[in-house]
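In: A predicted structure for the sequence below; I have some questions about it.
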Amino acid sequence: MGIFDKLFGKKEKLDNGLEQTRQSVFSKISRAIVGKSKVDEDVLDQLEEALITSDVGVETTLRIIERLEARIARDKYMNTNELNSILCEEISSLLAENETTQVNDFTAELPCKPYVIMVVGVNGVGKTTTIGKLAYLFKNAGKKVYLGAADTFRAAAIEQLEIWGERIGVPVIKQKMGSDPASVAYDTLSSAKANDADVVIIDTAGRLHNKINLMNELSKIKNVMQKIVPDAPHEILLVLDGSTGQNAYEQAKQFSKATQINALAITKLDGTAKGGVVIGISDQFKIPVKYIGIGEGMDDLQLFDKQLFVKSLLGQKIE
């Protein structure tokens, strides 16, 4: 399979996953430009409303509109046929400002070994499912993966992770419910290092009722892990449910205060018209979106490609 075929396949999955959001944005943009030959103040006002109601967020929407206004001022004229492609360029450019070195494939060489990912997020956002899918994708790419069940406050969390481990054939390190999460993380990294693992993914408790306790708990887990792997965790991944819209912004805000998030996974984008939340959260919190969930299948968790995402969102083809 060639590179173009892979891109086309990924884009096709994105198109299917973002169908509801795309239809919503499309219909609003179409209403904004109907009967217009050029992009004027009225078109921009309606476009602003379309982006805000797609959960792009007010601040990010205003930044996008400002960029479009600057393009109009520079070029003196912009017709409505150009609007979609220029909007695509400006949103992609905005997302690029928060980009870190991007891994384009799960088969790519990891920056260190073991590469430790600590996963955070409230209950119900798809955290355990995301961990399972990540483990599957890494294993499928030839990596040796270990999972750590450090969400010891819910028996169901440990059981769910065990089920994923059995399903995809990767070891899950656990202790009994109520155990010290840092102790589980320590055991997981010790075992992973002794067995020459490539990737370690640590689950954590999905509680947000007390920020200070959460901060202390996550700090303790990090400190204990660093006794085994000095610079762990290499990735602190916050999982957010894209279908919750503005609530996802609030969760990102609270977790950013509690720990140093450096990557985002936004799930459940296939069942919502609020896919614009990917753009807004990435822009407002200056944290790169690394993974997006666009379906129930094992390979429906994708490494985020900003250009493909925006093209899919705005109904553009790969050129």
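Out: That came through, no problem. As the structure is a computational prediction, the values presented were derived from the model and not from experiment. Numbers count the residues shown, from 1 in each chain.
In: Report the contact partners of residue 249.
Out: Shown in contact with residue 249 (C-beta atoms under 8 Å, 6 or more residues apart in numbering): 57, 277, 280, 281, 284. C-beta here means a position set from N, CA and C on the backbone, and glycine is covered the same way.
In: In this structure, which residue is most central in space?
Out: Taking C-alpha atoms, centre = their mean, the centroid of the chain lies closest to residue 265, which sits 2.4 Å from it.
In: Point out where this structure drops to low pLDDT.
Out: Scanning the chain with the threshold set as pLDDT under 70 gives 1-8, 99-104, 208-211, 318-319.
In: Where does the record place the domain boundaries for it?
Out: As given by automatic domain parsing, the domain ranges for the chain are 3-96, 115-261.
In: And the first one, how far out from the chain middle?
Out: The chain centre lies 21 Å from the centre of domain 3-96; the measure is C-alpha atoms, centre = their mean, to the nearest Å.
In: Was I right to think residue 141 contacts residue 107?
Out: Yes. Using C-beta atoms under 8 Å, residue 141 is in contact with residue 107, at 4.2 Å.
In: Compute the number of surrounding residues for residue 178.
Out: Using other C-beta atoms under 10 Å, residue 178 is surrounded by 8 other residues.
In: If we ignore the residues flanking it in sequence, what's nearest it?
Out: Distances taken as C-beta to C-beta, 6 or more residues apart in numbering put residue 152 closest to residue 178, at 6.0 Å, once the chain neighbours are dropped.
In: Could you do residue 84 as well?
Out: residue 314 (5.5 Å).
In: Can you get me a residue count around the one you found?
Out: 18.
In: I'd like the distance between it and residue 68.
Out: Per C-beta to C-beta, to the nearest Å, residue 314 is found 13 Å from residue 68.
In: Please enumerate the shared neighbours of those two.
Out: Common neighbours of residue 314 and residue 68 (criterion: C-beta under 8 Å, 6+ apart): residue 87.
In: can you pull out the strands in the stretch 151-300 of the chain?
Out: For the stretch 151-300 of the chain, the strands defined by DSSP state E, counting those that start in this stretch occupy 172-173, 199-203, 235-241, 263-267, 289-293.
In: on contacts alone, who are the packing partners of the third one?
Out: Yep, that's strand 235-241 we're talking about. If you count contacts as 3 or more C-beta pairs under 8 Å, 6 or more residues apart in numbering; DSSP states H and E, strand 235-241 packs onto strand 115-120, helix 127-140, helix 246-258, strand 263-267, strand 289-293.
In: same check, this time on the fourth one
Out: Helices and strands touching strand 263-267, as assessed by 3+ C-beta pairs under 8 Å, 6+ apart, comprise helix 127-140, strand 235-241, helix 277-285, strand 289-293.
In: can you rerun that using 6 Å?
Out: strand 235-241, strand 289-293 (3 or more C-beta pairs under 6 Å, 6 or more residues apart in numbering; DSSP states H and E).
In: who touches the longest one?
Out: Read that as strand 235-241. 117-121, 125, 127, 130, 248, 251, 255, 259-268 (C-beta atoms under 6 Å, 6 or more residues apart in numbering).
In: One more: the last one?
Out: When contacts are defined by C-beta under 6 Å, 6+ apart, strand 289-293 is touched by residues 263, 264, 265, 266, 267, 268, 269, 278, 282, 301, 302, 304.
In: The same query, at a cut-off of 8 Å, please.
Out: Against strand 289-293 from outside (C-beta under 8 Å, 6+ apart): 17, 95, 126, 129-130, 133-134, 235, 237, 242, 263-270, 278, 281-282, 300-304, 306, 309.
In: tell me the angle it makes with strand 115-120.
Out: 70 degrees (axes from the mean of the first three to the mean of the last three C-alpha atoms, to 10 degrees).
In: Could I get the buried residue list for strand 289-293?
Out: 289, 290, 291, 292, 293 (16 or more other C-beta atoms under 10 Å).
In: just stretch 240-254 next, same as before
Out: Neighbour-count burial for stretch 240-254 [16+ other C-beta under 10 Å]: 240, 241, 242, 243, 244, 245, 248, 249, 251, 252.
In: Repeat that for stretch 230-240.
Out: Neighbour-count burial for stretch 230-240, with 16+ other C-beta under 10 Å as criterion, is recorded at 232, 233, 234, 235, 236, 237, 238, 239, 240.
In: now swap in stretch 20-39 and tell me
Out: Buried, per 16+ other C-beta under 10 Å, within stretch 20-39: 20, 21, 22, 24, 25, 28, 29, 32, 33, 39.
In: helices or strands up against the helix or strand where the third one lies?
Out: Translated: residue 22. Secondary-structure assignment from DSSP states H and E places residue 22 in helix 19-33. Counting contacts by 3+ C-beta pairs under 8 Å, 6+ apart, helix 19-33 is packed against helix 41-52, helix 80-96, helix 306-313.
In: Same list (the ones you listed) but as JSON lines, adding distance to residue 171 and mean neighbour count.
Out: Below are the helices and strands packed on helix 19-33 laid out as JSON lines (distance: least, C-beta to C-beta, whole Å; neighbours: other C-beta atoms under 10 Å):
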{"stretch": "helix 41-52", "distance to residue 171": "45", "mean neighbour count": "17"}
{"stretch": "helix 80-96", "distance to residue 171": "36", "mean neighbour count": "17"}
{"stretch": "helix 306-313", "distance to residue 171": "33", "mean neighbour count": "22"}
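In: Good, wrapping up.
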